[in-house]
Structure formats: C-alpha cells, structure tokens
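>>> sequence plus predicted model, see below.
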Amino acid sequence: MEAHSDPIRLVSRRTMIPTSAALLVVPRHVLGGKGEKAPSDTLNLAAVGVGGAGAAYLAGCASENIVALCDVDFTYAAKTFAKYPKAKIYRDFRRMLDQEKHVDGVIIATPDHTHAVVAMAAISLGKHVYCAKPLARTIHEVRVIAQAARDKRIATQMSVQSSMTDSACLTAEWIQAGAVGTVREVHAWSDRPVWPQGVTCPTREERAPDGLDWDLWLGPAAERPYNPVYHPFNWRGWYDFGTGAVGDMACHTLHIVFRALKVGPPVAVSAANSFIMIPALKGDGDEPWMRAKRVKTSETFPSASIVTFDFAPDANGRAVRLYWYDGGLKPPRPAELPPDKTLPSAGLMFVGDRGLLLNGFSGGPQLLIGPEGFTPPPKTMSRTEGHYAEWINAAKGGRPASCEFGFAALLTETALLGALAQRTGRYLQWDSRQCKITNDPEANALIAQPYRKGWSL
C-alpha cells in the first residue's frame, strides 16, 4: 500500500455540510402531525460489531430505526440481537451492505483492525458513518477514510463522547483566555490498559467456539489460530488487532489539547517503555507461557509507557511538548495540589508560564496556580447537544458533528504515532504533509501494512 500524500487538515463546518442535505428531510408539518416524528425524520441504521461497545452506541441512537445488525460472534451479540427483534441479523458486513440498500447510516464497533474495511465499504455506498475510536489501526487507513468521507460529503462521527462537553469546552476556553499564561507543556494520562500488554503469543491452538466465525473476525489481519486471549476484549493489546492504551484512549484527551492550543500534527514522537510480563492468562491450558520478567515482546504493546510528542514551534519560536502516560504511570505530583488530594486515575494537565490547570474529567477544570484575580471567561464554544444526537442531526442535514472524520483523523494520527513509538522504542520524526517518518525506514514501513489475501480498502 502507498500512503496517501494529503496532509491531515481540519475541515470547516461549512465545507462538510452535504450539498443534498435539503433532500434528506421533509418537515414534520408535511408528513406528521404537530409534535409527531415524520417518517423522513427517522434514519435507517445498521451496526457492525454489536456485542460490546456497539450495544452502547445503538442505545445512543435509539431514536432511529435499527434495521440491521452484524456480528461475527452470534453468541457474544445475542443480547443485542434480542433487544432489536425487528432488525435483520448478519454475520458478514459485506453481505449486509449488499442487501440492506435502504440503510442511511452504519455504526462501527468492531476491533481496530477492521474499522477501515467496514468504514470504506459503507462510505463507498454513500452511507453516513459512526465509528469507534481510534478511526483506524494504521495512519494510511486514517488518511484513506478521511479523504473518502470528504469526497462523499457524508455525516461522520468518531466515538469521543467527551468532545464538546461543558468540561472540555471550559478547559479550552480557560486556556485560551490565559488562565495559566502561555502553555508549552501538557501532561495526559490514562488508567489503561485494563487488558494484557507486554505478553507473548500463546502457543496452543484451540477450536473457535460455536457461534464465532474466526476467519471473519480476523478479516484483513494475518491468519493465526484462534485463542480466547484475543476475543472478545483482549485484542486491544496486540499489534495485529489493536493500538494499545495510547491508541485506545488518547483521542478521549487530545481533542481538548488541539482545541485549546490550536496545534497541528506532531513533528516528532518518542517512547520510554516497560515490558513486565504477568502470570499466565486463561486460554493456554496449564502452560506458563508468560513469565514474570522484563522482556520486550514482538506482538504486544508495552505494559506501561511514557510517550513524548513534540509540536512545531509557533511564530515566536515556542513549541509545545505533550507527555502521555499509561499503565498506571502519572506525571509528578504538582506541589500546588492540596495535601488531601491525589491526581485522578486519568487526567489532563496544562503547564503555563503563569500557572497550572488540571482537568480530571469530572467537575471541569481546576486552576491550581493562575494569575491573581483570574475570572473565568464567557462561554464561547458551542456545547454538544448530545454525542449521538450530533451525528444523527448531521445525517439529517444539520451541522457536522464535533468529532467528524476530519478532526478525528488528526486525533487518531497523533495517537497512532504514539503507538508506533511504543512499538519501535525509537525517536521518530514525522512529516505529516508527506505522511512519512523521515528518519526511520523500519518505522515508516508500519504507516501502511499489507492485508490478508481477499481483503482491501
């Protein structure tokens, strides 16, 4: 595969509004009585991957008509199937899209390695798309998806539920109002992974359970024997299927950083990793295929990591550096934090030349140090009307959702660069315009990775 050459860019709300939006909705007073929902006001939605997070996504879109559900594991998805008895059930998303031509939008909640193939199949048909984060598993896939969505002018949203919440907007507004002065350092941390990382590959081949089509689950990934250590949840730590803690969680934080500081893609990234293996997991019989020792594995992300992102200097020559922590690591405790307080399990901290602001994602921003007499600024950013409602309204001709694929691509590209730094353990210089790691050919080869025979974007 050849990486797409277009740079990631933020897409304006104006350019993302579908030109045919006026044809999507007929006013309620025409087809429905006062206060009633007209048929044209309801979207026909399909979902792929409904046994886990997809169930929550569907619940968020319950106002619409759920017409088709797809999952490669009928046993795992059984509860969701039962909740929507009128929906047609499929195992292969390609067959579903071929037969359900009246579908308006597709919800994607599959493992990371199949986001791109499902999204591109839906986008090529002009379907609106809601996709779990990260947008894709590789940067090449991100570029292709974002460009296709722009070309088709469809409504999109990535599953960053905190995007444009009051807490997120307040943090950005305070930073932009100078609450801590000029910010050149940011710390973000997560309590993930809560799945195994820093582990070796199981050696025992097991039979896939009834109800699971393992070949379809693998999709474009390289063929390997089934083992319960991968499905249904622990795939997140494996290179072939997931993107580790930074890929899984950074998008939930980075949207605040990009909006508050208005930086572009990073220009360099590096990682300090820890690989501390844990006792054997269920799924490989009695064989202790993991030993308690420090060892770098070739198939999973590190047990814990600190990733450093460097952004280009501004017009005054001052650059922003972002530190990401996972695996239970956190930044040094600020001396200004009250003695009876601790840093939250996940959070975001802006360090400025005049102060320090903390956001623990509950209760909004907290100013630990700031200019004397600082007064919170007026609310200037548009708060979300509801994360799922944003996408639904966009599909009906409204304004683009706050984490549409143009912005989602910027977040995901950054997170995936962090994942590449974790995989290689090296300092990587990034040219976003060329979509190229310029100083490390081995790492650059991971920007786009081959698919298994029979699969393509």
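Alright, I've got the coordinates.

>>> and the helices in the stretch 151-300 of the chain, which stretches?
166-176, 214-218, 244-249, 251-261 (DSSP state H, counting those that start in this stretch).

>>> quick one: the shortest one to chain centroid distance?
Pointing back at helix 214-218 there. Centroid separation between helix 214-218 and its chain, computed with CA atoms, centre = their mean, to the nearest Å, is 22 Å.

>>> so which bits of that helix are buried?
By neighbour count with 16 or more other CB atoms under 10 Å, helix 214-218 contains the buried residues Trp214, Leu216, Trp217, Leu218. The C-beta positions use only the backbone N, C-alpha and C, and glycine is treated the same way.

>>> nearest to Pro378, of these?
Checking the buried residues of helix 214-218 against Pro378 with CB to CB, the nearest one is Trp217 at 49.9 Å.

>>> what's the distance between the closest residue to the closest one other than its chain neighbours and Thr243?
The shortest distance from Trp217 to any non-neighbouring residue, by CB to CB, 6 or more residues apart in numbering, is to Val72 (4.7 Å). For Val72, the distance to Thr243 equals 20 Å [CB to CB, to the nearest Å].

>>> now the angle between helix 251-261 and the longest helix along the chain, please.
As assigned by DSSP state H, the longest helix anywhere in the chain is helix 405-424. Angle of helix 405-424 versus helix 251-261, following axes from the mean of the first three to the mean of the last three CA atoms, to 10 degrees, is 120 degrees.

>>> please state the offset of helix 405-424 from the chain centre?
Going by CA atoms, centre = their mean, where helix 405-424 is centred and where its chain is centred differ by 9 Å.

>>> what of stretch 219-237?
Its chain's C-alpha centre lies 19 Å from the corresponding centre of stretch 219-237 when counted by CA atoms, centre = their mean.

>>> ok so, going back, mean pLDDT and distance to Thr438 added to the helices of the stretch 151-300 of the chain, as JSON lines?
Listed next are the helices of the stretch 151-300 of the chain as JSON lines, based on pLDDT from 0 to 100; distance: least, CB to CB, whole Å:
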{"stretch": "helix 166-176", "mean pLDDT": "97", "distance to Thr438": "31"}
{"stretch": "helix 214-218", "mean pLDDT": "98", "distance to Thr438": "33"}
{"stretch": "helix 244-249", "mean pLDDT": "97", "distance to Thr438": "21"}
{"stretch": "helix 251-261", "mean pLDDT": "97", "distance to Thr438": "22"}
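
>>> nearest to Pro202, out of these?
So among these, helix 214-218 is nearest, using CB to CB, at 14.2 Å.

>>> tell me what the closest one is packed against?
Using 3 or more CB pairs under 8 Å, 6 or more residues apart in numbering; DSSP states H and E as the contact test, no helix or strand touches helix 214-218.

>>> restricting to C-alpha, output that helix in CSV.
Extracted in CSV, the C-alpha atoms of helix 214-218 (Å, rounded to 0.1, in the frame of the first residue of the first chain):
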residue,chain,number,x,y,z
TRP,A,214,-12.9,-16.8,13.4
ASP,A,215,-11.9,-16.2,9.8
LEU,A,216,-14.3,-13.2,9.5
TRP,A,217,-13.1,-11.9,12.9
LEU,A,218,-9.5,-11.9,11.5
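
>>> who touches it?
With contact meaning CB atoms under 8 Å, 6 or more residues apart in numbering, helix 214-218 is reached by Val72, Asp73, Arg91, Asp92, Pro111, Ala208, Arg224, Tyr226, His231, Arg452.

>>> how near is the nearest residue to the fourth one once chain neighbours are set aside to Asp112?
Nearest residue to Asp92, sequence neighbours excluded (CB to CB, 6+ apart): Leu216, at 6.1 Å. Summarising the geometry, the distance separating Leu216 from Asp112, computed by CB to CB, is 16 Å.

>>> identify the bridge partners of the closest residue to Ile154 other than its chain neighbours.
Leaving aside its sequence neighbours, Ile154 sits nearest to His128 (CB to CB, 6+ apart; 5.0 Å). Under the criterion DSSP bridges, His128 forms beta bridges with Gly105.
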